[in-house]
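>>> Okay, sequence plus prediction incoming.
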Amino acid sequence: MRTACCASAARCSISASSSFSSAISGGLLIPKSWTEAAGVSEDAYHIVAVVLGTIAGFCTLVGLTILIYRRRTVGPVFSATTRNDKAMYAVLTMVIVLGLSATVAANIVGGGYDYRTTISPWFRSIFYLRPDAALMANAPVLFQLHALSAFLLFAIWPFTRLVHMLTAPVGYLTRPYIVYRSRDAGLGTRAPRRGWEQTR
């Protein structure tokens, strides 16, 4: 029962994490001028981004906590846990906590911070291979730490189980069927022990 609940929580965590990552990536990659041209006001964008982003972020954090609990308490899963897994969970938790802290501190507790005029252009400049560090110089410290922790996560990504996100089970489409055969009751010379007889 506990394993089933953890598996269900894991699926919820993956969904929340995907939604959270898509929302953050979309907010960073889509220029501010595009949303304004689409008729989305700055206030409307800010409210949707902060409210939905914060909710998805907390759901991701809760899901990650459940996954760590499962990995620690389920015997076979804990036995398969490596040092890389532990490091990955620590860095992933740090990235999520710093991101949520930056959002809450700047946009809920504080007076608000428009990251689309500084962090978003800086993030896009990386893909242009012309990173403009000056855009991040005056960003709040929590946003800077969040970016640094994300870079650390990307650096260790290929050496952790997160690399599975970049794979697809294409081989299953052409893999031959697995044939299961029942064991012949006449095989073997040993008589079954008491209590292990077949029932009909």
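Yes, it's here. Computed from a predicted structure; not experimentally measured.

>>> Longest helix of the chain, counting residues only.
Across the chain, the longest stretch assigned as helix under DSSP state H is helix 42-73.

>>> Report the next helix or strand after it in sequence order.
Once the chain leaves helix 42-73, the next helix or strand it forms, by DSSP states H and E, is helix 75-79.

>>> hmm, who's touching the next helix-or-strand element following that following helix?
Per DSSP H and E, helix 75-79 leads on to helix 83-103 as the next helix or strand towards the C-terminus. Residues from elsewhere that reach helix 83-103 (CB atoms under 8 Å, 6 or more residues apart in numbering): 24, 50, 53-54, 57-58, 60-61, 64, 67-68, 71, 140, 142-143, 145-146, 149-150, 152-153, 156, 159-162. (Glycine included, C-beta is placed from N, CA and C.)

>>> Just the C-alpha atoms of the helix or strand that comes right after helix 83-103, please, in PDB.
Under the assignment DSSP H and E, the closest C-terminal helix or strand after helix 83-103 is helix 119-127. Presented in PDB, the C-alpha positions along helix 119-127 are these (Å, rounded to 0.1, in the frame of the first residue of the first chain):
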ATOM      1  CA  ILE A 119      17.000  37.700 -16.000                       C
ATOM      2  CA  SER A 120      15.000  36.700 -19.100                       C
ATOM      3  CA  PRO A 121      17.200  38.600 -21.600                       C
ATOM      4  CA  TRP A 122      20.300  37.200 -19.800                       C
ATOM      5  CA  PHE A 123      18.900  33.700 -20.000                       C
ATOM      6  CA  ARG A 124      18.200  34.100 -23.700                       C
ATOM      7  CA  SER A 125      21.600  35.600 -24.300                       C
ATOM      8  CA  ILE A 126      23.200  32.300 -23.300                       C
ATOM      9  CA  PHE A 127      21.500  30.500 -26.200                       C
END
